[in-house]
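Undergrad: what follows is a protein structure lacking sequence information:
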């Protein structure tokens, strides 16, 4: 198959659902071409050319249905920046069978499968794989009604792989279903609460998987795999079948403002490739692929006299968050392009 060239309009207006009033800005040191290699991400490739790499879907004039699973760049492809015209254009050189006119029209389509073969992902999958179907945060109130491990076949209080256990609060359990066991760790407090007392959720520790053997008022289960010991009182949640769809980045449909509630591992200062929990979710209009900006709060200006007003330095943008898992009131997001550490209570807004 011979090389074909696909031209991409670089500055578009009116892209359905993702249009912006300003023009896409090219990096000052953008290369003339870039060869895609294994391990690249769409975010990283775009960063070579765009000052705002999350805006690459606009190059394709893609609508919200089309920006799901954009499997269209592979290692070996060459991205070329064409500066010859009035409007800069990108060209993608691909090994594809050309049409009669020698060109191929590339139309990213929606797919419902996992990332195929060697297609370049939006963001590093290795950084988010542990969080795609494991519980990380549960909302306040869920713990009280969640199914729980209540007993074992003997007087033991901890269990491991292969053990038979019993659970309650599982009226809809079915034979063969898989549940994930977890235990609550530290509570998450509302960053807006000055007294730091209002709990809005709980970080949880994933313990292992169990399967249903016999439903009933007391359900019989079998421990299939254990990362840590499962104990009496551990909570259960039905394993999610949801897989990560390689969504393209996009801004929220409307103005949003939230806060960083937690950083994975309870780190004090989060850096690049850290999973953050923000207090915005599907109820706020977020979905997979939403990009948020993180901001450092302004610092107080030191006064020379008590009569001076309270003044603060302007807020400074510190990074971008790519949302990859969404719940009603929380979302997990991967911190990208951070220029300084991100802390709990830092603000997140539209990029």
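TA: Ah, there it is. From a predicted model like this one, the values you see are computed outputs, not experimental measurements.
Undergrad: low-confidence ranges, the stretch 251-351 of the chain, go.
TA: In the prediction, the stretch 251-351 of the chain carries no residues with pLDDT under 70.
Undergrad: what about the strands in it?
TA: With DSSP state E, counting those that start in this stretch as the criterion, the stretch 251-351 of the chain has strands at 257-263, 275-278, 291-296, 316-326, 331-336, 347-349.
Undergrad: the stretch 101-250 of the chain too?
TA: Taking DSSP E, counting those that start in this stretch as the criterion, the stretch 101-250 of the chain contains strands spanning 137-139, 148-151, 158-159, 164-168, 178-189, 199-214, 219-226, 230-231, 235-238.
Undergrad: could you export the ones you listed as JSON lines, including distance to residue 277, mean neighbour count and mean pLDDT?
TA: C-betas here are computed from N, CA, C, even on glycine. Output for the strands of the stretch 101-250 of the chain, formatted as JSON lines (distance: least, Cβ to Cβ, whole Å; neighbours: other Cβ atoms under 10 Å; pLDDT from 0 to 100):
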{"stretch": "strand 137-139", "distance to residue 277": "5", "mean neighbour count": "19", "mean pLDDT": "82"}
{"stretch": "strand 148-151", "distance to residue 277": "23", "mean neighbour count": "19", "mean pLDDT": "96"}
{"stretch": "strand 158-159", "distance to residue 277": "28", "mean neighbour count": "20", "mean pLDDT": "93"}
{"stretch": "strand 164-168", "distance to residue 277": "27", "mean neighbour count": "18", "mean pLDDT": "97"}
{"stretch": "strand 178-189", "distance to residue 277": "7", "mean neighbour count": "19", "mean pLDDT": "88"}
{"stretch": "strand 199-214", "distance to residue 277": "8", "mean neighbour count": "20", "mean pLDDT": "90"}
{"stretch": "strand 219-226", "distance to residue 277": "25", "mean neighbour count": "19", "mean pLDDT": "95"}
{"stretch": "strand 230-231", "distance to residue 277": "24", "mean neighbour count": "21", "mean pLDDT": "92"}
{"stretch": "strand 235-238", "distance to residue 277": "17", "mean neighbour count": "21", "mean pLDDT": "92"}
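Undergrad: reformat those as JSON lines; add distance to residue 312.
TA: Formatted as JSON lines, the strands of the stretch 101-250 of the chain follow (distance: least, Cβ to Cβ, whole Å):
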{"stretch": "strand 137-139", "distance to residue 312": "31"}
{"stretch": "strand 148-151", "distance to residue 312": "47"}
{"stretch": "strand 158-159", "distance to residue 312": "51"}
{"stretch": "strand 164-168", "distance to residue 312": "51"}
{"stretch": "strand 178-189", "distance to residue 312": "23"}
{"stretch": "strand 199-214", "distance to residue 312": "26"}
{"stretch": "strand 219-226", "distance to residue 312": "49"}
{"stretch": "strand 230-231", "distance to residue 312": "47"}
{"stretch": "strand 235-238", "distance to residue 312": "42"}
